[in-house]
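Starting from these lines, generate the structure:
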Amino acid sequence: MHKVLVIVPFPLSDAGVDKRRLQRDWVSLGPDIEFDYRPARASCAMFDSPHDWLIADMGVYEAGISAQDDGYDAVCIDSMSDSGIGALRSVLDIPVIGPAKTSYLVALTLGNSFGIVTYGDPEGGRAGNNAVALLYKKTMKEYGVADRCAAIEGTGVESDWENLLTGKEDTAFPALLAASERCVESGADVIILGSTTLHQAGDYLAENLPVPVINPGPLTYKMAELVLGLRLTHSRMSFPAPAVPKIEVAHAMLDAASATERG
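Here you go, the predicted structure:
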């Protein structure tokens, strides 16, 4: 039996984490793999600035440092920010899977271009200059796929890390569909949900769009199953281990951050 740790990038309640677990139902997996969910002890608020990205990196990194020692065979990061992925790969030998890079590359195996639907202002039908879109632009540039993004479309849907889209289905689902259709009109061959927190809309969009829809969280689960089945992990040429690990520093930082978050 393979065990995979899914790191949720926010210090959520049990109810909030349970909504993240629902992603497991969206994908078909074999009987020899199971998933546990661990929230970060502290995080950012909105993912809308480099300030937020740094804080999220630290929270996810600290939550995953012990994954290998805790008996897990792989780690999945539950955020399209791919927060902490490089640092975790540096200190862990087990595979660490991020949904952003995985989604972009799988989209390009299914089509020649992709569109991203996300939170943010849909005014004028564009989210490209919205602060939320900056994160996608950052990761796409790092991964060398920026020229394959046909559009980034906002929906007007408010982000809610705890409740996700629960109770907002009647307005959020059509808004996501309209944003996806604008992406297709702009040349997208594949639609990517811009956040794992949008996973509840995956079936609705897949049933109502003429192009494939990538639900990034469940995709990472399948990728974890794939790389474990193939006995693969990340390359030490790209992610060298630290010569002097300072694991205790991250824990001390998050001890203080967690205390601050609790007030």
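
max-length helix in this structure?
helix 169-185 (DSSP state H).

Tell me where the stretch 101-250 of the chain has strands.
Along the stretch 101-250 of the chain, counting by DSSP state E, counting those that start in this stretch, strands occupy 114-118, 149-154, 190-193, 213-214.

Distance of Y119 relative to R182?
15 Å (Cβ to Cβ, to the nearest Å). (Glycine included, C-beta is placed from N, CA and C.)

Those two: which is more packed in?
Y119 (25 against 20; other Cβ atoms under 10 Å).

Just list the residues touching the more buried one, thanks.
132, 154-155, 157-159, 194-195 (Cβ atoms under 8 Å, 6 or more residues apart in numbering).

any weak-confidence spans in the stretch 1-150 of the chain?
Scanning the stretch 1-150 of the chain for pLDDT under 70 picks out the ranges 121-131.

where exactly do the helices run in it?
Along the stretch 1-150 of the chain, the stretches classed as helices by DSSP state H, counting those that start in this stretch are 14-21, 50-64, 85-91, 99-110, 131-143.

Of the contacts of Y119, which is the most crowded?
The residue in the contacts of Y119 with the most neighbours, by other Cβ under 10 Å, is G194 (28 neighbours).

Surely that residue is in contact with T155?
No. The pair G194 and T155 does not pass the contact test of Cβ atoms under 8 Å, sitting 9.1 Å apart.

tell me, what's touching those two both at once?
With Cβ under 8 Å, 6+ apart as the test, G194 and T155 both reach 117-119.

ok, so of the residues you listed, who is nearest L164?
Y119 (11.6 Å; Cβ to Cβ).

Which residues are in contact with the nearest residue to the closest one once chain neighbours are set aside?
Nearest non-adjacent residue to Y119, counting by Cβ to Cβ, 6 or more residues apart in numbering: S159, 4.8 Å away. S159 sits next to 46, 119, 195, 197 when contact means Cβ under 8 Å, 6+ apart.

so which of those comes closest to R38?
Nearest to R38 among the contacts of S159, with distances taken as Cβ to Cβ, is T197, at 16.7 Å.

can you pull the pLDDT of the nearest residue to the closest one once chain neighbours are set aside?
Of all residues not flanking T197 in the chain, L164 sits nearest, at 5.0 Å (Cβ to Cβ, 6+ apart). Looking at L164, its pLDDT reads 87.

And the one 4 residues further on, by the same measure?
pLDDT recorded at K168 is 85.

I'd guessed it sits against V157; true?
Yes. Using Cβ under 8 Å, K168 is in contact with V157, at 7.0 Å.

one step back: S258: which of the shared contacts of G194 and T155 is nearest?
Y119 (26.0 Å).

now that closest one: how far from L165?
Taking Cβ to Cβ, one finds Y119 at 11 Å from L165.

who touches both of the two?
Taking Cβ under 8 Å, 6+ apart as the contact rule, the neighbours common to Y119 and L165 are V157.

right, and M46 touches D52 too?
Yes. Between M46 and D52 there is a contact under Cβ under 8 Å: 5.9 Å.

quick one, which of these two is more surrounded?
Per other Cβ under 10 Å, whichever of M46 and D52 has more neighbours is D52, with 18 against 13.

dump the residue contacts of the one residue sitting closest to the centre of the chain.
With distances taken as Cα atoms, centre = their mean, the residue of the chain nearest its centroid is S79 (2.3 Å). By Cβ under 8 Å, 6+ apart, the contact list for S79 reads 9, 47, 56, 60, 99, 195-196.
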